[in-house]
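**Student:** Need a 3D model of the following:
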Amino acid sequence: MPEEHSLFKEWIEDIGYSSVIDYLIDLCEIAIEYGMLPHSNPGVMASRDIRRALAA
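**Tutor:** Numbering: from 1, shown residues only. Purely as a prediction, here's the structure:
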């Protein structure tokens, strides 16, 4: 997970997120609000993160 790298973890927390998945979900929701169909490729995801992304 990218969050395991200290520089990335610091950056993602600085912009108000605790994980890449949280960030990805927000970006996809914003894209939908603008009438776009988001395409994401987050790589390997835990099953709980897949459920969260599908529910968003």
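
**Student:** and the helix ranked longest in the chain, what's its mean pLDDT?
**Tutor:** Looking across the chain with DSSP state H, the single longest helix is helix 20-33. Helix 20-33 shows a mean pLDDT of 92.

**Student:** list the buried ones in it?
**Tutor:** For helix 20-33, the neighbour count (16 or more other CB atoms under 10 Å) marks V20, I21, Y23, L24, I25, C28 as buried. In this view, the C-beta of every residue, glycine as well, is placed from N, C-alpha and C.

**Student:** how much space between A53 and P42?
**Tutor:** Here A53 is placed at a distance of 8 Å from P42 (CB to CB, to the nearest Å).

**Student:** shared neighbours of the two, which are they?
**Tutor:** Residues within reach of A53 and of P42 at once, by CB atoms under 8 Å, 6 or more residues apart in numbering, are I21, L24.

**Student:** before we move on, the earlier item: closest one of the buried residues of helix 20-33 to E13?
**Tutor:** Within the buried residues of helix 20-33, distances to E13 taken as CB to CB reach their minimum at Y23, with 10.7 Å.
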